[in-house]
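>>> have a look at this fold, sequence not included:
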DNA sequence: TATGAATGAGGGTTCATTCAT
DNA sequence: CATGAATGAACCCTCATTCAT
């Protein structure tokens, strides 16, 4: 048996398997309603094994979220280096779409567990969400934007998220969904292709 | 019993006080993270007293949500009796805005506790939200709408909700917020004043 | 059945029964080695019942210790009001003997669980013991005593404690034990009858 | 392997380093409250490594205690060969002082963890302490001593221990402490220099 | 109306210990 | 010599809920 094959079979990375199962359950039933016992049973390991890989239940969800928020933060950082043109706005929205679509399950999980995720210790207040939202809005608008522009940008972002979440399983063609969603978002922010 | 006597009794309507405190805590910390002990302590009664007024914890949250969902359902029912004109679409959006703005805390609570609320017993799956969303979309669109129209309607609704939730505390003038939000929503659904 | 009888029988004060069983087990096996399950089982109640009466395991031991340390503190306070005469020293030692003899089991428990009791939260360091010891020494000596006098006082106190702990079950006659122990202690501190 | 090479190896004697760290932690926080994880972390090795050197947690503490109790047992054995004279009593006390002073940390650890140490397996009951205490008392007294003499001997021993533990860090001069403590002990047992 | 006392189930977490490598 | 990964048992604690009074 080749080395590669062996690696592929030998229960590749318990840590990742935990993340995967946890993500699924958190998204489906909620963070609080999902017990570590349940996660462990699905993986056919003991609860204690989870603690070898993560130092707490919170730590599991944090590891999931960090990656996602990291991508958002990177996008914001990149956006800040760009001029505020219709084309760059479009690119921001396109990239945001890619992130949300890519991290679909994580996003759903976050959406379903806002209360739990917000009290994660990290930040004193429920700013994890708002903070990112505001940052994204700011790269989609001129400095010191009027309420109207802020709202349009926020709604554009929301439309991307909503499109992915509510319609991902209804659109016949993912490409069409993407096109439609982005078209709406472009219209709201005056972004051009 | 005279009105005066009633007032003299300290805090007469315990049931409503429970709802009020519960709503606040559920919205703030999440349904699962809020224990009956906590609610009882805030009200300075015993846990057992809560069971005199509600038959379970679920029952408390249900009582909160029912009213809100009832209003939505009424709106949908009303919408179904109307012709699909730009003016009626506008009216639907206006009424939706009123509901969301009026039940602000309940809405926030729902938003923060989707996972918990979805597993409330009523329905087997997370259909409480999607169901209403779909119903509202359907009164905002022609029968059998293309994906594009569905999405625009959905985003219009989302923009109303988001506007209320994220910007309620930032807009100087509530009336201005309402006008702006509805303007966006009208644009998305081709609704006319 | 008379009211008094009923009170006497009807499981008089679960709270006190918990304290009593806990004390016995803590003294016998040690605080850390005694689980709440064990205590609950002996009382034929559930673990949760313990939490109705005490807010934590620590709280149980604290409730036990507080009474004992309270008596010591009272003795110190009283001692401070007295002139430093041989007769008053004798009285302090006599009262100390009474406390130790009276709270025999608590004292044994403390003796056996110094490590656990010292990390009780209350004080940052293991000062619960030393603090009292020093206070007692100070009422048995002149102000600013030389090392020699301090030591004699400390040893006198220790002899009282040791006498009670190690010899309580060997002396044929408690009164004789008390007399002997106090005689030694008087000799060490120059206390007179 | 040359001496130089051996020294070049970082921290050769792991076994002794384990004992040293364990002793410190057991004395400070207590045996039960000190986990193997903690010990391992301080030494920057894994828990499993501890099991290479000791076959259990108990084994660590046993290795610490054995040496100390061994010295006491030797002292008792020696004492038994001596005539019961004031001079030999003095010598016993002197040697006891040396042991306690020498094994200061071990003694403190024992003192703080009586409950844990007593349930070490060896003996069914808390006899490790009492047994030694009784043996020492017996070499300090005539055969079949009256209660009074027993108590004086016991208190003498206790004064040595207490002196070391409570006053070691307060006396300016160790030699003076030793002299004072032994003076008290001699007085109690009628031992002469 | 409400309380005091209790329960049963389950939660997350930690521990000493093992064993193949 | 030592580690990485895992186990099984137990732990303290909290929860929603009940019921006699």
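Right, received. Where do you want to start? Given the structure is predicted, the values throughout are model-derived calculations rather than measurements.

>>> got the contact list for the residue sitting nearest the centre point of chain A?
Taking CA atoms, centre = their mean, the centroid of chain A lies closest to residue A:107, which sits 3.9 Å from it. Counting by CB atoms under 8 Å, 6 or more residues apart in numbering or on different chains, residue A:107 touches A:68, A:100, A:161, A:164-165. For glycine as for every other residue, the C-beta is placed from the backbone atoms N, C-alpha and C.

>>> now tabulate the residues you listed in a markdown table and tack on neighbour count and secondary structure.
Output for these, formatted as a markdown table (neighbours: other CB atoms under 10 Å in any protein chain shown; DSSP: H, G, I helix; E, B strand; the rest coil):
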| residue | neighbour count | secondary structure |
| --- | --- | --- |
| A:68 | 19 | helix |
| A:100 | 24 | helix |
| A:161 | 19 | helix |
| A:164 | 23 | helix |
| A:165 | 16 | helix |
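
>>> and chain B, which of these reach it?
Among the contacts of residue A:107, no residue is within reach of chain B (CB under 8 Å from any CB of the partner chain).

>>> ok, of those, which one's closest to DNA strand E?
Closest approach to DNA strand E among the contacts of residue A:107 (CB to the nearest atom of the strand): residue A:68, at 21.0 Å.

>>> quickly find the element holding the residue nearest to the centre of chain A.
According to DSSP states H and E, residue A:107 maps onto helix A:104-112.

>>> ok, residue A:74 next?
Using DSSP H and E, residue A:74 sits in helix A:57-80.

>>> count of residues packed around residue A:139?
If you count neighbours by other CB atoms under 10 Å in any protein chain shown, residue A:139 ends up with 20.

>>> give me the three-state assignment for it.
helix (DSSP: H, G, I helix; E, B strand; the rest coil).

>>> tilt between the helix holding residue A:107 and helix A:57-80?
Here the directions of helix A:104-112 and helix A:57-80 differ by 110 degrees (axes from the mean of the first three to the mean of the last three CA atoms, to 10 degrees).

>>> what's the first helix or strand after helix A:104-112?
Helix A:104-112 is succeeded, C-terminally, by helix A:114-118 (DSSP H and E).

>>> how far does that next one sit from its chain's centre?
14 Å (CA atoms, centre = their mean, to the nearest Å).

>>> check which helices and strands that helix is in contact with.
Secondary-structure packing of helix A:114-118 (3 or more CB pairs under 8 Å, 6 or more residues apart in numbering or on different chains; DSSP states H and E): helix A:57-80, helix A:127-140, helix B:104-112, helix B:114-118.

>>> 7 Å - rerun?
helix A:127-140, helix B:104-112 (3 or more CB pairs under 7 Å, 6 or more residues apart in numbering or on different chains; DSSP states H and E).

>>> which one of the ones you listed has the lowest average pLDDT?
Of all the helices and strands packed on helix A:114-118, the minimum mean pLDDT falls on helix A:127-140 (a mean of 86).

>>> low-confidence stretches in chain A?
Low-confidence regions of chain A, defined by pLDDT under 70, span residues A:1-12, A:121-127, A:193.

>>> kindly report the residues of it close to DNA strand F.
For chain A, the contact set with DNA strand F under CB under 7 Å from any atom of the strand comprises A:11, A:14, A:44-49, A:51-53.

>>> now do the end-to-end distance for stretch A:78-97.
15 Å (CA to CA, to the nearest Å).

>>> buried ones in that stretch?
The neighbour-count check on stretch A:78-97 (16 or more other CB atoms under 10 Å in any protein chain shown) flags A:79, A:88-97 as buried.

>>> closest to residue D:177 out of those residues?
residue A:79 (72.5 Å; CB to CB).

>>> so how far is residue A:133 from the closest residue to the closest one other than its chain neighbours?
Excluding the flanking residues, the one nearest residue A:79 by CB to CB, 6 or more residues apart in numbering or on different chains is residue A:139, at 3.3 Å. According to CB to CB, to the nearest Å, residue A:139 and residue A:133 sit 11 Å apart.

>>> what about residue A:44, neighbour count?
By other CB under 10 Å, the residues close to residue A:44 number 9.

>>> what are the phi and psi values at it?
Backbone torsions of residue A:44, given as degrees, to the nearest 10, read phi 60, psi 50.

>>> again with the one 3 residues further on
Residue A:47 adopts backbone torsions of phi -50, psi -40, taken as degrees, to the nearest 10.

>>> residue A:37 is in contact with that one, correct?
Yes - Residue A:47 is within contact range of residue A:37, at 5.8 Å (criterion: CB atoms under 7 Å).

>>> measure residue A:136 to chain B for me?
Distance of residue A:136 to chain B, computed by CB to the nearest CB, to the nearest Å: 12 Å.

>>> residue A:84: what secondary structure?
Residue A:84 - assigned by three-state DSSP - is coil.

>>> where's it relative to chain C, distance?
In terms of CB to the nearest CB, residue A:84 sits 56 Å off from chain C.

>>> any idea which element the closest residue in space to residue A:84 that isn't next to it in sequence lies in?
Nearest non-adjacent residue to residue A:84, counting by CB to CB, 6+ apart: residue A:142, 5.8 Å away. Under the criterion DSSP H and E, no helix or strand holds residue A:142.

>>> neighbours of the nearest residue to residue A:94 once chain neighbours are set aside, how many?
Counting by CB to CB, 6+ apart, residue A:182 is the residue found nearest to residue A:94 once chain neighbours are left out, at 6.5 Å. Residue A:182: 21 surrounding residues under other CB under 10 Å.

>>> noted, bye for now.
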